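J.: any chance you can model this:
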Amino acid sequence: MGLLETPLLEDLVVLVNGGSQGVGAGVVRAAVREGATVVFTGRRAEVGEKLAADTGARFVRADLSDPAQARDSAVQAVNAHGRVDCLVNAAGLTSRGSLLDTTPELFDQHMAINLRAPFFAMQAAVADMTARKAPGTIVNIISNCAHGGPPHLAPYSAAKAGLAGLTRNAAHAHRWDRIRINGLNIGWTDTEGEDATQRAFHGAGDDWREEAAKAQPMGKLGQVDEIADFVVFLLSDRSGVVTGSVIDWDQTVFGGQD
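T.: Take a look at the predicted model:
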């Protein structure tokens, strides 16, 4: 059942952008398990339709780099179910680029997916919530790279830092509307996308997960199901009054020194 005997998201409509794989797909599964009616977006129809069939969630094919489609994700949830109570922005682009080798095109791609898409999805979701004078919750999947990040993730780090700032700004702006907005700075996480990234950009072999886990304090990478459970908690009333928090969900202690 989840964290408590009563489903945490019972009778709520949840939109998960970037929900067809990775952390987003984990959130879709966890939200369905916790009683929500779930709509999720993704670019690949075959993958999205399979997850929809497995979970009963509604799949909407969308290219979130288009701000109109990012806004329309919330509109489609409202059209299908009458409202959107919760939004999770989980879509992310992690292609590599440093300060010296990032092209304007790569920079724009990162801003489009990692910052602009959440902005306009939030705009549409909050517009629905405020029009109904109803409370709501939003969780943005950010990254510990918002603190600075490695040299090869310069545009990614810049966009995620922007998303952290947007999370706080929007939470402050809509606190009196009882719309709670929080973010998770997740660290190195074991996902299908990370597997592809490690192989494409770092020449990783089949044992990269095991080798990476050995170098982590907890002996493992971040796990999708654990992150998803925490996201569900933040979406739910059980997280109380918390808003404007950007939580470091990682085993790196930022500011700590040896």
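
J.: tell me which helix or strand comes right after the helix or strand of the chain with the lowest mean pLDDT.
T.: Ranked by mean pLDDT, DSSP states H and E, the weakest helix or strand in the chain is helix 192-202, scoring a mean of 73. Of the helices and strands lying after helix 192-202 in sequence (DSSP states H and E), the nearest is helix 208-214.

J.: other residues contacting the longest strand along the chain?
T.: Ranked by residue count under DSSP state E, the longest strand found in the chain is strand 179-186. Under the criterion C-beta atoms under 8 Å, 6 or more residues apart in numbering, residues 23, 122, 126, 129-130, 135-144, 146-147, 160, 163-164, 167, 170-171, 174, 222, 227, 230-231, 234, 239, 241-250 lie in contact with strand 179-186. The way it works is simple: take the backbone N, C-alpha and C, and place the C-beta from them, glycine included.

J.: let's see which of the residues you listed end up in helices.
T.: By the criterion of DSSP state H, membership of these in helices covers 23, 122, 126, 129-130, 160, 163-164, 167, 170-171, 227, 230-231, 234.

J.: which members of those are classed as buried?
T.: Buried positions within the ones in helices among the contacts of strand 179-186, assessed by neighbour count (16 or more other C-beta atoms under 10 Å), are 23, 122, 126, 129, 160, 163-164, 167, 170-171, 227, 230-231, 234.

J.: where are the low-confidence patches of the protein?
T.: Counting by pLDDT under 70, the chain contains low-confidence ranges at 1-4, 195.

J.: how about the residue nearest the centre of it: what's its closest non-neighbour residue?
T.: Centroid-nearest residue in the chain: A90, 2.2 Å away (criterion: C-alpha atoms, centre = their mean). Distances taken as C-beta to C-beta, 6 or more residues apart in numbering put G24 closest to A90, at 3.4 Å, once the chain neighbours are dropped.

J.: could you report the separation of the one you found from G183?
T.: Counting by C-beta to C-beta, to the nearest Å, the gap between G24 and G183 amounts to 15 Å.

J.: between the buried ones among the ones in helices among the contacts of strand 179-186, which is closest to G48?
T.: Closest to G48 out of those is V23 (15.1 Å), distances taken as C-beta to C-beta.

J.: wait, doesn't the closest one sit right on A90?
T.: Yes - counting by C-beta atoms under 8 Å, V23 does reach A90; the two are 5.2 Å apart.

J.: mutual contacts of the two, please.
T.: When contacts are counted by C-beta under 8 Å, 6+ apart, the set common to V23 and A90 consists of I141.

J.: from L100, how far off is R116?
T.: Using C-beta to C-beta, we find R116 at a distance of 24 Å from L100.

J.: which one's more surrounded, those two?
T.: A direct count of neighbours by other C-beta atoms under 10 Å for R116 and L100 places R116 higher, at 20 against 7.

J.: grab the nearest non-local neighbour of the more buried one.
T.: Closest residue to R116 in three dimensions, ignoring its sequence neighbours and counting by C-beta to C-beta, 6+ apart: P67, at 5.8 Å.

J.: please apply the same query to S236.
T.: Leaving aside its sequence neighbours, S236 sits nearest to L8 (C-beta to C-beta, 6+ apart; 3.9 Å).

J.: the one you found: what's it in contact with?
T.: 2, 34-35, 232-233, 235-238.

J.: just the buried ones from these?
T.: So, of those, 2, 34-35, 232-233, 235-236 end up buried under the neighbour-count rule (16+ other C-beta under 10 Å).

J.: how near is G148 to Y156?
T.: Separation of G148 from Y156 (C-beta to C-beta): 11 Å.
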